[in-house]
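K.L.:
Predicted model follows, preceded by the sequence.
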Amino acid sequence: MTLAATAQQTQGFLSTSGVEITFVLVGLVTLGAALVTVTTRQLVHAALWLVVALGGLAVEYLLLTAEFIAWVQVLIYVGSVVVLLLFGLMLTKAPIGRSPDADSGNRPVALAVALTAAVALVWVVVDAFRTTWIDLDGAVQGSTEVTGAVLFRHWVLPFEALSVLLLAALVGAIVLSRKKEQER
Amino acid sequence: MTTTTLAVLVPLLPFLGSAAGLLLGRTAPGFVRPLAVLPTLAAAVLAVLVAFRQGGDEVIDAATQLTPTGSVPIDLSLYIDGFAALVAVLVGVVATCVQVYSTGYLRDDPRYPSYAALVSLFTSAMLLVVYSGDLMVLLVGWEVMGICSYFLVGHYWETPEARAASLKAFLVTKLGDVPFLIGLFALATDAGTFQITGVLGTVASGGLDHPTLIALLLLAGVAGKSAQFPLHTWLPDAMAGPTPVSALIHAATMVAAGIYFTARLLPVFAASAAAMTVLAVMAAITMVGSALAALAQDDIKRVLAYSTIGQLGYMAGALAVGDRGAAVFHLLSHAAFKALLFLAAGAVIHAAGTNSLTAMSRMSGLAKRVPDAYWTMTVALLALAAIPPFAGFFSKEAVLVAAEHTALGERDVAPAGAGWTVLVAGLLTALLTAAYALRLWLRTFRGRGAEAPDHGRQPIAMTSVLWVLAIPSLGFGLTAGYVDDWFDGHALTPTLTTAVLGTGLAAAGAAVTYAVWRTLAARAPVAVPLPHVAHPDADAGSVEAEALHLPHPAEDPADPGRALLGPLHGPAADGFHLDAVYRAAFVRPVLAAASLVRFLDREVVDTYVRAAGDSAKGLGWLVRRAQTGNVQTYLSALLAGSVVLAIAAVALANAVAGA
Amino acid sequence: MHLAYPAVLAALLFCVGLYGVLARRNAILVLMSVELMLNAVNLNLVAFDVWLRDTLHAGQALTLFTIAIAAAEIGIGLAIVLMVHRNQGTSDVDRLRDTAEGPDTPEAPDASDERREPTDEKTEAAA
């Protein structure tokens, strides 16, 4: 196939480097977990499969040498976001076990849109980047040191602005979830 | 004050009085009567002053231009010759009489303020027509009269007859006014000016390019306003208005305007022999036909209306033979005795409680109830029948003399054929006029049967006016020798031939009528009285409004008119079925066209309109289906659209790159 | 390593998240799917950052920001879902139809054009 042929001109397609094989395998797991997340009929399981998918992504970040991001991914997503989601499920009295109506009636449309988008995106992405090669050797690009230096040297202002945003979100979440006086 | 200022005040005063009357009518009812009578009286006095100062010899011609009006200038101008001065006097006097009479006649009428204001406006418009030296300004007065006649004829608008009559008066006169307007434009285009002096100058120098066309177009308007055949049908129906309005319209204003206009622009008409012939034929048909119709009418006011049409026919005949002196002379004397006839008829109707001649013929002693009306009406009827020495005799003789001179070729203003037509028709009409005048008098005041009811004396405002008008009816003709100055200066005195012929025929007609009446009266038994109005003690206006509803008996064996006319009686009573002809020729097609338009509008145009609305609604209905409230559906649609766009973009990029 | 691998993975993850957003009924599951989509973007950012060897590491910095914003988003989102659940008794996306057209009074398009009752906005006002 042309894809493999062109890739092999520079570097062998699915070259012998273990990184690539690991990346593909972990990617498959991640994708599978994500698929189960959006298709399972058990709501709590969906949250747990989400953990798998997010964790798999963390591994992918590691393989791409972005180790700080990987840890942040584990900490924030797996640690807090999924926990929040589980809290949400419980607070909304989501049924434990299989619920037959987990999918809405919009499913066929959703499937069609998603599949079309997938085909289009994959086609475009492969067409564009089939010969592009990432050089993972050399200086580490995503270590904590590098990321910290970059973040606090060049990205301080957005970083501070982000803290305001987080504060606003905090206040907003509290205000929204607080019960009204008369309801108490 | 100069004569010009006085002349400007003449039409202005009644106009101001009318405006004030309309404004103050409701808030200050006490001022209504003075506001109605005094400006008109002042205008009459000023008109007399203007006439004396003018003296009949020198034409007063003053003009001022308010603003440039394009290629053909329009001026506010006065043009007062002897005719204008005298006609203005007539209009002022008759209008004053009518206003005074109305104060008594419409004593209790709730709409008297607006009525009086409209009469003032009418008077003002007529005076404007008389004095104006500019055809456009004249047209303004002309049209104001049209709308005023509409309002005044429809004064009793509660009755369907009055509504129909007012509409008919308006529409029929408009039918003539449209060609009239076009004719004025054509005339102004040929002459290059709207000034009457300018127009007459152009005619004198032979500068008129289309004399026949212009004259015929103008004649249509004249026929409409002056109720000449075939546009005369509105006038008998206009009797649905109050009697003073009839007097005003028939004597001094509306109908006189057409004759006056023709007299003023006579050279324009005289420039075309065809127009003069048409005018002569029109006048002849009008005279004879209306006299026959008058002989068959049962409503006292309709008899007078048809007689007005006939007398206007005389004036038109005089114009057709090119003698405007005779025409205006007859206009003046006719105005006096016809106003008197109408006002007296109003008093008679009030006293009798009915407007039907048949009903009056079945009550005795009506003359004793209204002695003023009896005597003055007798005088006026004698004048109408042209018995010497009453006014009508002299003026009619003037017409007949002019016709005779033209027929015999002694005058060459008009073709001899026109002269013969007018002469023969005029003599025949003299016979018929005497007949119907006598019939009217006999059936009104010489009835037999139950005693007429006594409703007390008529108001002094009404009776005094009758005597005032009786004076010119009696004596105006005798001034024929003195007023020459105002009438182009040529003599209006009667000649022996026509005097003998006309008077002899009139006497013959009267004698035959009297004989027939005596025979029938002796033969027929005294018939039962006919019903009259329910509230005879109300003021005269209300009685007349009620009398409009009374049925007119179809058959009356004691009617001399029926015996005289024989088989002609039916058509004559119906105005020779002209209304039916008009209905078939104009009303029906217009109604059919209107229903066609209505159909097109309702069924064709509206279909598109409705379809536009319905399609928008249907589209909205469809779009509303999409508003399910389900966010996922919306999002799906949005993303599907994005994907399609993205694919399209990529495909396009590839296609471009591939190419 | 081929750039195509992370790129394709990101694309597929994104589409899986897309499917979840469109197909799931429970609002919390929809939020999970949104997380998946965000992560797909993050993966892309990191991969391209590594490939381009950006000295400012804009990709990684942006990924960190995205993670933070995602955390804020999930907090607010859950709060809203809880609120809706408390008011409406359900967190099913397809049952929250307050913005729908009213229940079809004029079926035929040419029926009378009388104004219908505005939809009940009591719950939104409470929210």
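P.N.:
Structure's in. What do you need?
K.L.:
And for B:Q65, nearest residue in space, chain neighbours not counted?
P.N.:
Excluding the flanking residues, the one nearest B:Q65 by CB to CB, 6 or more residues apart in numbering or on different chains is B:D75, at 5.1 Å. Just so you know, the C-beta spots here come from the backbone N, C-alpha and C atoms, and that holds for glycine as well.
K.L.:
Count the residues that sit near that neighbour.
P.N.:
Here the number of neighbours of B:D75 (other CB atoms under 10 Å in any protein chain shown) works out to 20.
K.L.:
quick one: it and B:T64 touch, right?
P.N.:
Yes: counting by CB atoms under 8 Å, B:D75 does reach B:T64; the two are 6.6 Å apart.
K.L.:
Show the contacting residues for the residue nearest to B:Q65.
P.N.:
B:63-65, B:133-134, B:137, B:194-195 (CB atoms under 8 Å, 6 or more residues apart in numbering or on different chains).
K.L.:
so which strand or helix has B:M276?
P.N.:
Element membership for B:M276 (DSSP states H and E) is helix B:273-296.
K.L.:
Next, the buried residues of that helix.
P.N.:
B:273, B:275-296 (16 or more other CB atoms under 10 Å in any protein chain shown).
K.L.:
for stretch B:158-167, same thing?
P.N.:
So stretch B:158-167, judged by 16+ other CB under 10 Å, has buried residues B:159, B:162, B:165-166.
K.L.:
possible to save these as CSV with pLDDT and secondary structure?
P.N.:
CSV is the format used below for the buried residues of stretch B:158-167 (pLDDT from 0 to 100; DSSP: H, G, I helix; E, B strand; the rest coil):
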residue, pLDDT, secondary structure
B:T159, 80, coil
B:A162, 82, helix
B:A165, 85, helix
B:S166, 86, helix
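K.L.:
farthest-separated two in those?
P.N.:
Pairwise distances across the buried residues of stretch B:158-167 peak at 10.5 Å for B:T159 and B:S166 (criterion: CB to CB).
K.L.:
quick one: common contacting residues for these two?
P.N.:
Common neighbours of B:T159 and B:S166 (CB under 8 Å, 6+ apart) are B:A240.
K.L.:
Not counting the helix or strand encompassing B:V255 itself, show me its contacts.
P.N.:
For B:V255, the enclosing helix or strand under DSSP H and E is helix B:254-264. Helix B:254-264 is contacted from outside by B:83-84, B:87, B:90-91, B:122, B:126, B:129-130, B:138, B:141-142, B:145, B:149, B:196, B:218-219, B:221-228, B:235, B:248-249, B:269, B:279, B:308, B:312, B:315-316, B:319, B:324, B:327-328, B:331, B:335, using CB under 8 Å, 6+ apart.
K.L.:
avg pLDDT for it?
P.N.:
Helix B:254-264 shows a mean pLDDT of 86.
K.L.:
Run the chain-centre distance for the helix or strand following it.
P.N.:
Using DSSP H and E, the helix or strand that follows helix B:254-264 in sequence is helix B:266-270. Centre-to-centre, helix B:266-270 and its host chain are 23 Å apart (CA atoms, centre = their mean, to the nearest Å).
K.L.:
From the contact counts, what lies against helix B:266-270?
P.N.:
helix B:196-204, helix B:211-225, helix B:273-296 (3 or more CB pairs under 8 Å, 6 or more residues apart in numbering or on different chains; DSSP states H and E).
K.L.:
nearest to chain A, of those helices?
P.N.:
Proximity to chain A, assessed across the helices and strands packed on helix B:266-270 by CB to the nearest CB, is greatest for helix B:211-225 (78.5 Å).
K.L.:
Check which helices and strands that closest one sits against.
P.N.:
Short answer (3+ CB pairs under 8 Å, 6+ apart): helix B:211-225 packs on helix B:135-153, helix B:160-191, helix B:254-264, helix B:266-270, helix B:273-296.
K.L.:
on that earlier part again, redo the buried residues of stretch B:158-167 as TSV? Include distance to B:G570.
P.N.:
Shown next, in TSV, are the buried residues of stretch B:158-167 (distance: CB to CB, whole Å):
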residue	distance to B:G570
B:T159	26
B:A162	26
B:A165	22
B:S166	27
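K.L.:
Just give me the neighbour total for C:R86.
P.N.:
Neighbours of C:R86 (other CB under 10 Å): 17.
K.L.:
Check the one 3 residues further on too.
P.N.:
The number of residues packed around C:G89, counting by other CB under 10 Å, is 11.
K.L.:
What are the phi and psi values at it?
P.N.:
Per-residue torsions, C:G89: phi 80, psi 10 (degrees, to the nearest 10).
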